[in-house]
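Novice: sequence first, predicted coordinates after that:
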There are 4 protein chains.
Amino acid sequence: MKQLLGKDQIAALGIEGGWTAGLQDFVRFAELDALNHVNNVVYSTWFETLRVLYMRKIGLAYDGQADLATVVRSTTVEYLKPMYMNQEYIVLCRTVKLGRSSFVIDYSVVADGAVTATATTLMVATNLEATKSIPVPDAVRQVMIEQDGAAT
Amino acid sequence: MKQLLGKDQIAALGIEGGWTAGLQDFVRFAELDALNHVNNVVYSTWFETLRVLYMRKIGLAYDGQADLATVVRSTTVEYLKPMYMNQEYIVLCRTVKLGRSSFVIDYSVVADGAVTATATTLMVATNLEATKSIPVPDAVRQVMIEQDGAAT
Amino acid sequence: MKQLLGKDQIAALGIEGGWTAGLQDFVRFAELDALNHVNNVVYSTWFETLRVLYMRKIGLAYDGQADLATVVRSTTVEYLKPMYMNQEYIVLCRTVKLGRSSFVIDYSVVADGAVTATATTLMVATNLEATKSIPVPDAVRQVMIEQDGAAT
Amino acid sequence: MKQLLGKDQIAALGIEGGWTAGLQDFVRFAELDALNHVNNVVYSTWFETLRVLYMRKIGLAYDGQADLATVVRSTTVEYLKPMYMNQEYIVLCRTVKLGRSSFVIDYSVVADGAVTATATTLMVATNLEATKSIPVPDAVRQVMIEQDGAAT
């Protein structure tokens, strides 16, 4: 996806934190709630959109083309600043921790020079039926450690 | 919004039809349904996103900054081709017909050189409480007629 | 689904129109938009929810258990009255017209004794890959004609 | 809302945990994602729906009728079991911890006798503009402590 920004492109925007995947977008009318700001739940969809693109790029396809799937075991989101109609933002992620079959992805939303939300998800690599965990493939581990700086 | 394409930019992309507003985007995971293609309802959100930007640009604010609102009286969507994960598209619109306080906006989605969906909405300009229709302001009428080619 | 109301249950509620499937629900916070009423697009999701239950009940499974799928070719929605937080409503449908492989479903939303929206969708029965239309099965035709009063 | 179950109704269903608000519902087609189970993000909307009804009931209106609003500071969701089309469930909550202006609500989803997801949100009571925190009103504190058993 040409939309997916890489590590160097993100750094070139002056955004710190070693993020290795990013997506630029703006707030749409449908993402506002009755309080006229971005609904809390919408951030989780932004994180999902980015995560699916990021995982596909590093070799963890969502679509069952390999005998490998990933599931979200838990997610935590912190809401720091409200966001509004038409506001431009960048959503960012990187893998920060890596186990045998589990890994942790951190996220951030930056808008108008401020972090508006952060999040973290605990992911598990599984077989396609999601009935048992499987080891993260070596090629993926290498990207997570070398590119993302994931702790092992 | 820098994202909103104008008439000349759309024509420069080789897209016919005299569209005066457009937005380029790609299909996100959250827009797929259990059948693994873009859910029918999602197209209507794309049309809304574009319509809100377009109306704001031509002077019909959604956000109550003027004593003017717009409501959707009816909408028709035709689904021509399924769309898939990551597919890039452009959603387009223009006002095609104009009455005293009502107007008709047509829409199209173009992806990979084909029209995947078309739509039309009947809009009515109202006071902020949406309790009575009010005439479309003259400055807006002029844009709809001269730029969009709306029939009167 | 115990939630799906049948023809007699709907008539017993004093709702006219010969509707053969209905679902009672209430407006949730997430269905409101920044204007503090139910977003236009949300009605289409209500129609989809009911249609999937209705079609499954009369033998047109959504889930590929038979070699039969259905696609929406077009949909028209008319918005008659705004709806608000916590408002209780019933969404209704029935098949009103039947061709060889296509059929038309009409919908209505009734809240506080008034119709707040109506809709119609043109459906086509297809093979599972949705690459060609197939005839509506005889058992389904019979329900559409005898129960729903569909015109042929 | 007649839909909102209270403490005794929940206990009568044989559900343990001292939950004081619950909502029974079923999985709709629109809540499935391309993997054919309930999308992770959808659970957060279920929690929001219940939370808004619960807070309104105990005197924390969402709609600005009092000079009091609540904001979500953070949310954590744990996904324990996948959920599927038409599955019936009950979503539950209660306030478990109470500070001067902040409080913690816990949530659970129970389906077919098993807990499929749990969550917790840190809430803050604010003025209507959400520019400063304000103390939780005494009448609300009393309900949180006596009915919900919130720790102080």
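Specialist: Here it is on my side, so go on.
Novice: secondary structure element holding A:Tyr89?
Specialist: Here A:Tyr89, judged by DSSP states H and E, is contained in strand A:88-98.
Novice: give the rounded mean pLDDT of that strand.
Specialist: Mean pLDDT, strand A:88-98: 98.
Novice: list the strands paired with the helix or strand that that strand is followed by, with their directions.
Specialist: Once the chain leaves strand A:88-98, the next helix or strand it forms, by DSSP H and E, is strand A:102-111. Applying DSSP bridges to the sheet, strand A:102-111 is found paired with strand A:88-98 (antiparallel), strand A:114-126 (antiparallel).
Novice: give me the neighbour count for the closest residue to A:Arg141 other than its chain neighbours.
Specialist: Counting by C-beta to C-beta, 6 or more residues apart in numbering or on different chains, the nearest residue to A:Arg141 once its immediate chain neighbours are dropped is A:Leu98, at 6.4 Å. C-beta here means a position set from N, CA and C on the backbone, and glycine is covered the same way. Look at A:Leu98: counted by other C-beta atoms under 10 Å in any protein chain shown, it has 18 neighbours.
Novice: returning to what we had before: okay, the strands paired with strand A:102-111 in a markdown table with distance to B:Ser74 next?
Specialist: Below are the strands paired with strand A:102-111 laid out as a markdown table (distance: least, C-beta to C-beta, whole Å):
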| stretch | distance to B:Ser74 |
| --- | --- |
| strand A:88-98 | 33 |
| strand A:114-126 | 37 |
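Novice: which parts of chain A sit against chain C?
Specialist: A:Phe29, A:Ala30, A:Leu32, A:Asp33, A:Ala34, A:Asn36, A:Asn39, A:Val41, A:Met85 (C-beta under 8 Å from any C-beta of the partner chain).
Novice: of the residues you listed, buried ones?
Specialist: Those of the residues of chain A next to chain C that meet the buried threshold are A:Phe29, A:Ala30, A:Leu32, A:Asp33, A:Ala34, A:Asn39, A:Val41, A:Met85, by 16 or more other C-beta atoms under 10 Å in any protein chain shown.
Novice: looking at these, which is nearest A:Cys93?
Specialist: A:Cys93 lies nearest to A:Val41 out of these, by C-beta to C-beta, at 18.0 Å.
Novice: can you pull out the helices in chain A?
Specialist: A:7-12, A:40-58, A:138-146 (DSSP state H).
Novice: who touches the shortest one?
Specialist: Which is helix A:7-12. The set of residues external to helix A:7-12 that reach it, using C-beta atoms under 8 Å, 6 or more residues apart in numbering or on different chains, is A:Gly18, A:Trp19, A:Thr20, A:Ala21, A:Gly22, A:Ile90, A:Leu92, A:Gln147.
Novice: pull the number of nearby residues for the nearest residue to the first one once chain neighbours are set aside.
Specialist: Leaving out its chain neighbours, the residue that sits closest to A:Gly18 by C-beta to C-beta, 6+ apart is A:Gly149, at 5.8 Å. Around A:Gly149 sit 13 other residues, with neighbours defined as other C-beta under 10 Å.
Novice: for A:Lys97, same thing?
Specialist: The number of residues packed near A:Lys97 is 16, by other C-beta under 10 Å.
Novice: and what of A:Glu146?
Specialist: Under the neighbour criterion other C-beta under 10 Å, A:Glu146 is assigned a count of 9.
Novice: can I get the helices of chain A in CSV with mean pLDDT?
Specialist: Below are these laid out as CSV (pLDDT from 0 to 100):
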stretch, mean pLDDT
helix A:7-12, 96
helix A:40-58, 97
helix A:138-146, 96
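Novice: between those helices, which one is closest to A:Asp106.
Specialist: helix A:40-58 (9.9 Å).
Novice: point out the residues in chain A that sit beside chain B.
Specialist: A:1, A:3, A:26, A:28-30, A:45, A:48-49, A:52-53, A:62-63, A:85-86.
Novice: now list the buried members of these.
Specialist: A:3, A:26, A:28-30, A:45, A:48-49, A:52-53, A:62-63, A:85.
Novice: any chance of those in TSV with distance to B:Lys132 as columns?
Specialist: Below are those laid out as TSV (distance: C-beta to C-beta, whole Å):
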residue	distance to B:Lys132
A:Gln3	43
A:Phe26	33
A:Arg28	29
A:Phe29	24
A:Ala30	27
A:Thr45	37
A:Glu48	42
A:Thr49	41
A:Val52	46
A:Leu53	47
A:Tyr62	49
A:Asp63	51
A:Met85	26
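Novice: any idea how far A:Tyr79 is from chain C?
Specialist: A:Tyr79 is 16 Å from chain C, where distance means C-beta to the nearest C-beta, to the nearest Å.
Novice: isn't that residue right next to A:Ala117, touching?
Specialist: Yes - the pair A:Tyr79 and A:Ala117 passes the contact test of C-beta atoms under 8 Å, sitting 5.4 Å apart.
Novice: who has more neighbours out of the two?
Specialist: Shown here are A:Tyr79 and A:Ala117; by other C-beta under 10 Å, A:Ala117 has more neighbours (26 against 21).
Novice: sorry, back to before: can you report phi and psi for the residue nearest to A:Gly18?
Specialist: Backbone geometry at A:Gly149, expressed as degrees, to the nearest 10, gives phi 70, psi 30.
Novice: residue contacts, it?
Specialist: Neighbours of A:Gly149 in contact, by C-beta under 8 Å, 6+ apart: A:Gly18, A:Arg94, A:Val96.
Novice: what's the pLDDT at it?
Specialist: 97.
Novice: ok, now A:Met1?
Specialist: Note on A:Met1: pLDDT of 51.
Novice: same check on A:Lys81?
Specialist: Confidence score, pLDDT, at A:Lys81: 96.
Novice: what sits against it?
Specialist: A:Ala111, A:Ala114, A:Val115, A:Thr116, A:Ala117.
Novice: same question, A:Glu48
Specialist: B:Phe29, B:Ala30, D:Asn39, D:Asn40, D:Val41.
Novice: ok, A:Val143 touching A:Met55?
Specialist: No - the criterion here is C-beta under 8 Å, and A:Val143 misses it with A:Met55 at 10.6 Å.
Novice: what is the end-to-end distance of stretch A:89-106?
Specialist: 17 Å (C-alpha to C-alpha, to the nearest Å).
Novice: so what's the residue count around A:Asp106?
Specialist: 20.
Novice: measure stretch A:71-88 end to end?
Specialist: Taking C-alpha to C-alpha, stretch A:71-88 runs 29 Å from one end to the other.
Novice: gap between it and the chain center?
Specialist: 11 Å (C-alpha atoms, centre = their mean, to the nearest Å).
Novice: any idea how far the spatially closest residue to A:Arg100 that is not a sequence neighbour lies from A:Ser74?
Specialist: Leaving aside its sequence neighbours, A:Arg100 sits nearest to A:Pro135 (C-beta to C-beta, 6+ apart; 5.4 Å). In this view, A:Pro135 and A:Ser74 are 20 Å apart by C-beta to C-beta, to the nearest Å.
Novice: so for these two, which residue has more residues nearby?
Specialist: A:Ser74 (18 against 12).
Novice: dump the residue contacts of the more buried one.
Specialist: A:Ser74 is in contact with A:Thr121, A:Leu122, D:Thr76, D:Val77, D:Glu78, D:Tyr79, counting by C-beta under 8 Å, 6+ apart.
Novice: could those residues go into JSON lines alongside distance to C:Asp8?
Specialist: Shown next, in JSON lines, are those (distance: C-beta to C-beta, whole Å):
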{"residue": "A:Thr121", "distance to C:Asp8": "48"}
{"residue": "A:Leu122", "distance to C:Asp8": "50"}
{"residue": "D:Thr76", "distance to C:Asp8": "46"}
{"residue": "D:Val77", "distance to C:Asp8": "41"}
{"residue": "D:Glu78", "distance to C:Asp8": "43"}
{"residue": "D:Tyr79", "distance to C:Asp8": "40"}
